[in-house]
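Undergrad: Structure of the sequence below:
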Amino acid sequence: MPEQLSPIKLGPITIGPALAYVMLVTTVLGWASGLVVGRGIHETIPPIGASF
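TA: The predicted structure is shown next:
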């Protein structure tokens with residue numbers, strides 16, 4: 001039988017396994033969308049212009 005994951009208490013916030021997975025997926029989707037947008041605008045906007 002697999003071992004249960006216990007939630008982590010960070011001050012007033014409790015991070016359980018479900019919230020941890022949601023935060024991981026959100027991070028990966030943010031990185032992926034940044035790459036897609038970067039590839040889409042690389043010919044229109046110079047790299048230094050996209051960073052500001």
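
Undergrad: ok, residues contacting stretch 27-43?
TA: Stretch 27-43 is contacted from outside by Ala50, using Cβ atoms under 8 Å, 6 or more residues apart in numbering. For glycine as for every other residue, the C-beta is placed from the backbone atoms N, C-alpha and C.

Undergrad: For it, which residues meet the burial criterion?
TA: Within stretch 27-43, no residue counts as buried by 16 or more other Cβ atoms under 10 Å.

Undergrad: State the three-state secondary structure for Gly34.
TA: helix (DSSP: H, G, I helix; E, B strand; the rest coil).

Undergrad: What separation is there between it and Tyr21?
TA: 21 Å (Cβ to Cβ, to the nearest Å).

Undergrad: where along this structure do the helices fall?
TA: For the chain, helices defined by DSSP state H occupy the ranges 17-41, 47-50.

Undergrad: Point out where this structure drops to low pLDDT.
TA: 1-2 (pLDDT under 70).
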